[in-house]
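>>> Structure of the sequence below:
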Amino acid sequence: MEILKTFEEKITYAVEKVKALKEEKYSLDKRIEELEDAVRSKDMEIERLVMEKASVKEQIAELLNELESLD
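Now for the predicted structure:
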């Protein structure tokens, strides 16, 4: 009977471990989603800034052309 009790304890431990690992996986999956959302947001911000930079660069070029035409 002692072997059966030991076997039962091992199974109980394994079940508890599996539950804990599932909970940890769920938490990690949620964290991955949060980080992916943050990366997407930063990517969009970078894209916006790149477009803004191009626009500013174009405006500066136009102003320089106007200044050169004054000469």
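>>> In this protein, where is pLDDT below threshold?
71 (pLDDT under 70).
>>> How far away from the center of its chain is the one helix or strand Ala38 maps to?
Assessed by DSSP states H and E, Ala38 sits inside helix 2-70. Distance of helix 2-70 from the chain centroid (C-alpha atoms, centre = their mean, to the nearest Å) equals 0 Å.
>>> how about Glu34, what does it touch?
When the contact criterion is C-beta atoms under 8 Å, 6 or more residues apart in numbering, Glu34 has no partners at all. (C-beta placed from N, C-alpha, C; glycine too.)
>>> What residues sit buried inside stretch 13-21?
Going by neighbour count (16 or more other C-beta atoms under 10 Å), nothing in stretch 13-21 comes out as buried.
>>> Kindly export it (C-alpha atoms) in CSV.
Extracted C-alpha coordinates of stretch 13-21, given in CSV (Å, rounded to 0.1, in the frame of the first residue of the first chain):
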residue,chain,number,x,y,z
TYR,A,13,2.4,16.6,-7.5
ALA,A,14,2.4,16.2,-11.3
VAL,A,15,-1.1,17.5,-11.6
GLU,A,16,-0.3,20.5,-9.4
LYS,A,17,2.8,21.2,-11.4
VAL,A,18,0.8,21.0,-14.7
LYS,A,19,-1.8,23.4,-13.3
ALA,A,20,1.0,25.9,-12.2
LEU,A,21,2.7,25.7,-15.6
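>>> Make residue 1 into 373 and carry on from there
In the new count, where the first residue is 373, that last one comes out as stretch 385-393.
>>> what about Lys425, how many neighbours?
Using other C-beta atoms under 10 Å, the number of residues around Lys425 comes to 10.
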